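*Asks:* Quick one, structure for this:
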Amino acid sequence: MEDMAKIFEAIMLLCFGAAWPISIYKLYKAKLANGKSRLFLCVIMFGYLAGIGYKITGRMDAIIALYIVNFIMVAVDFSLCCKYKRRSKLEAA
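*Replies:* Numbering: from 1, shown residues only. Below you'll find the model as predicted:
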């Protein structure tokens, strides 16, 4: 039964993770962070950190790699968002 739980967890992380490269690409090409919420991205990163913490404290398996990769992708998206929001403010001033 635990093997099925791991499979479902991996599928969930793969599905969520599929969205981040698209988001990063669109943000990089548009160079506009309009409509992006840094708070939302922080909440998502916190969730991935919680998943990593769960794996480290007792359920360590290979799925931790998916949490780490997803966290890194959201962190990149967050960084680009901050960069382009800052740039938008400077251009508006």
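
*Asks:* So which bits of stretch 29-37 are buried?
*Replies:* Burial within stretch 29-37, assessed by neighbour count using 16 or more other C-beta atoms under 10 Å, is assigned to 33, 36. Every C-beta, even on glycine, is put in place using the N, C-alpha and C of the backbone.

*Asks:* Convert it to CSV, retaining C-alpha atoms only.
*Replies:* What follows is stretch 29-37, C-alpha atoms only, in CSV (Å, rounded to 0.1, in the frame of the first residue of the first chain):
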residue,chain,number,x,y,z
LYS,A,29,10.4,35.8,-22.8
ALA,A,30,7.9,38.5,-21.8
LYS,A,31,10.1,40.1,-19.1
LEU,A,32,6.9,41.3,-17.4
ALA,A,33,5.8,40.1,-14.0
ASN,A,34,2.4,41.6,-14.2
GLY,A,35,-0.1,39.4,-12.5
LYS,A,36,2.5,37.3,-10.8
SER,A,37,2.2,37.0,-7.0
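
*Asks:* what's the average pLDDT for that stretch?
*Replies:* Taken as a whole, stretch 29-37 has a mean pLDDT of 89.

*Asks:* Quick one: residues in contact with that stretch.
*Replies:* Stretch 29-37 is touched from outside by 27, 80, 81, 82, 83, 84, 85, 87, 88, with contacts defined as C-beta atoms under 8 Å, 6 or more residues apart in numbering.

*Asks:* Kindly recompute the last result at 6 Å.
*Replies:* With C-beta atoms under 6 Å, 6 or more residues apart in numbering as the test, stretch 29-37 has contacts from 81, 84, 85.

*Asks:* per-residue pLDDT, the second one?
*Replies:* According to the predicted model, the pLDDT of residue 84 comes to 92.

*Asks:* For it, which non-adjacent residue is spatially closest?
*Replies:* Setting aside the residues directly before and after it, residue 84 is nearest to residue 33 in space (C-beta to C-beta, 6 or more residues apart in numbering), at 4.0 Å.
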